[in-house]
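1. Provided below are the primary sequence and the corresponding predicted coordinates.
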Amino acid sequence: MQYDPIKRSLGKVFNQTPALRIFFYRLLDLLLLRAWYIRRELRIIARQKKEALQVLDAGSGFGQYDYYMSSLGKNWNITGVDVKEEQIADCNQFFDKIGRGQRVKFEYADLTKYVNENTYDLILSVDVMEHILEDELVFSNFFRSMKDGAHLLISTPSDQGGSDAHHHHEEDGVHGFIDEHVRDGYNAEDIRKKLTAAGFKNIKTSYTYGKAGNISWRLSMKFPIKALNTTKLFFVVLPFYYVLTYPLAYLLNWIDLSKKHEKGTGLMVVAQK
């Protein structure tokens with residue numbers, strides 16, 4: 001299934017005014033369970049680091065995490081990089097309009113080539129590494145771009161059904177829900193080994209999207225996206241669908257966030273240089 005066309009359609013709708021875009025960010029924060037986990041980790045880092053921070057959002061997309069990070073403190077200076085030039089332009093325009101353009105900027109970058117030596121106190125990478133084949137090169141670039149003691153925060157699908165991977169008996173291999181992925185998910189031990197080889201220390205991995213979170217994801221993301229891929233007319237039905245389903249999805253997200261999971265379809269990784 002192609003996810004990018006849906007993202008582009010949503011972007012066009014919510015990019016019409018700054019107020020609509022902020023509303024869109026808040027909807028994403030409510031709907032996406034990974035955003036719950038990421039915001040929790042960012043709050044922990046914010047409590048630990050009171051000084052001015054240089055932050056890289058490696059794969060910034062719509063810029064929702066940049067908006068959240070820029071709200072954590074006026075001393076967070078954020079660079080968002082992405083390969084989608086239209087999203088870079090939209091983000092720069094939006095942050096200029098809301099008066100945060102001096103400390104939140106966006107630019108084009110290929111993460112397999114991007115290095116900014118000893119610059120960043122924090123690198124955030126959300127649902128990016130599953131799209132990049134040369135992941136070990138990117139981890140090395142992250143390490144070179146970070147200051148000593150800096151944090152790396154990664155959210156990615158796991159190899160335990162991440163990307164909704166499943167076997168098709170009529171085809172070879174395993175196939176995920178999102179066609180743009182080059183891998184369906186990471187094994188926790190595998191990503192620890194790759195980060196260790198890049199030079200990282202204090203590497204912590206934890207699973208997200210346990211049983212409750214997986215049900216919530218199907219309700220709040222998989223079923224609506226499949227419907228929108230079938231017909232754009234579902235945009236009309238979408239608000240009513242969420243009115244009915246979101247209270248349950250919200251409860252499931254809260255349950256998932258409050259538990260420690262021995263396995264899950266998502267993986268959170270925190271490491272230090």
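-> Cool, got the structure. Keep in mind that what you see is a predicted model, and the values were worked out from it rather than measured.

2. Which strands border the biggest strand by length in the chain, and is each parallel or antiparallel?
-> If you go by DSSP state E, the chain has its longest strand at strand 146-157. Strand 146-157 pairs in its sheet with strand 120-126 (parallel), strand 266-272 (antiparallel), by DSSP bridges.

3. hang on, residue 227 packs against residue 236?
-> No - using CB atoms under 8 Å, residue 227 makes no contact with residue 236, being 11.1 Å away. Yep, even glycine has a C-beta here, placed from its N, CA and C like the rest.

4. what about the stretch 51-200 of the chain, any weak spots by pLDDT?
-> 162-181 (pLDDT under 70).

5. Please, where are all the helices along it?
-> Shown for the stretch 51-200 of the chain, the helices assigned by DSSP state H, counting those that start in this stretch span residues 64-72, 85-97, 135-145, 188-198.

6. Can you tell me which of those helices is nearest to residue 122?
-> helix 64-72 (8.3 Å; CB to CB).

7. Grab the CA positions of that closest one and hand them over as CSV.
-> Extracted in CSV, the C-alpha atoms of helix 64-72 (Å, rounded to 0.1, in the frame of the first residue of the first chain):
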residue,chain,number,x,y,z
GLN,A,64,5.1,17.8,14.0
TYR,A,65,8.0,16.8,16.3
ASP,A,66,9.8,20.0,15.5
TYR,A,67,6.8,21.9,16.6
TYR,A,68,6.6,19.9,19.9
MET,A,69,10.4,20.3,20.6
SER,A,70,10.3,24.0,19.9
SER,A,71,7.5,24.2,22.5
LEU,A,72,9.7,22.5,25.2
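
8. Give the buried residues for it.
-> 64, 65, 66, 67, 68, 69, 70, 72 (16 or more other CB atoms under 10 Å).

9. Next one: the third one relative to residue 156, how far apart?
-> Residue 66 is 19 Å from residue 156, where distance means CB to CB, to the nearest Å.

10. same thing with residue 234?
-> Distance from residue 234 to residue 156, by CB to CB: 28 Å.

11. Distance from stretch 237-245 to the middle of the chain?
-> 24 Å (CA atoms, centre = their mean, to the nearest Å).

12. and what of stretch 53-73?
-> With CA atoms, centre = their mean, you get 11 Å for stretch 53-73.

13. distance between the ends of that stretch?
-> 9 Å (CA to CA, to the nearest Å).

14. okay but residue 270 is in contact with residue 153, surely?
-> Yes - in this structure, residue 270 is within contact of residue 153 by CB under 8 Å, at 5.7 Å.

15. what do these two both touch?
-> residue 41 (CB atoms under 8 Å, 6 or more residues apart in numbering).

16. Neighbour count: the two, which is higher?
-> Each of residue 270 and residue 153 has its neighbours counted (other CB atoms under 10 Å); residue 153 has more, 20 against 17.

17. related to what we said a few turns ago, so if I had to pick from residue 234 and residue 156, which one is more boxed in?
-> residue 156 (25 against 16).

18. Now do the strands in the stretch 151-273 of the chain.
-> 166-167, 174-175, 201-208, 266-272 (DSSP state E, counting those that start in this stretch).

19. what's the angle from the third one to helix 188-198?
-> Same thing as strand 201-208. 160 degrees (axes from the mean of the first three to the mean of the last three CA atoms, to 10 degrees).

20. List of residues touching stretch 247-261?
-> 30-31, 33, 36-37, 40, 206-210, 212-213, 215-216, 219-220.

21. Now tabulate the strands paired with strand 146-157 in a markdown table and tack on distance to residue 98.
-> Converted to a markdown table, these look like this (distance: least, CB to CB, whole Å):
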| stretch | distance to residue 98 |
| --- | --- |
| strand 120-126 | 20 |
| strand 266-272 | 29 |
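
22. Residue 79 is nearest to which of the ones you listed?
-> Between the strands paired with strand 146-157, strand 120-126 lies closest to residue 79; by CB to CB that is 8.1 Å.

23. Return the residues in contact with residue 262.
-> Residue 262 sits in contact with residue 207, where contact means CB under 8 Å, 6+ apart.

24. since we're on residue 84, how many residues are nearby?
-> Neighbour tally, residue 84, other CB under 10 Å: 18.

25. do residue 147 as well
-> 14.

26. Thought residue 118 was touching it, still the case?
-> Yes - with contact defined as CB under 8 Å, residue 147 reaches residue 118; the gap is 5.5 Å.

27. No more questions from me, cheers.
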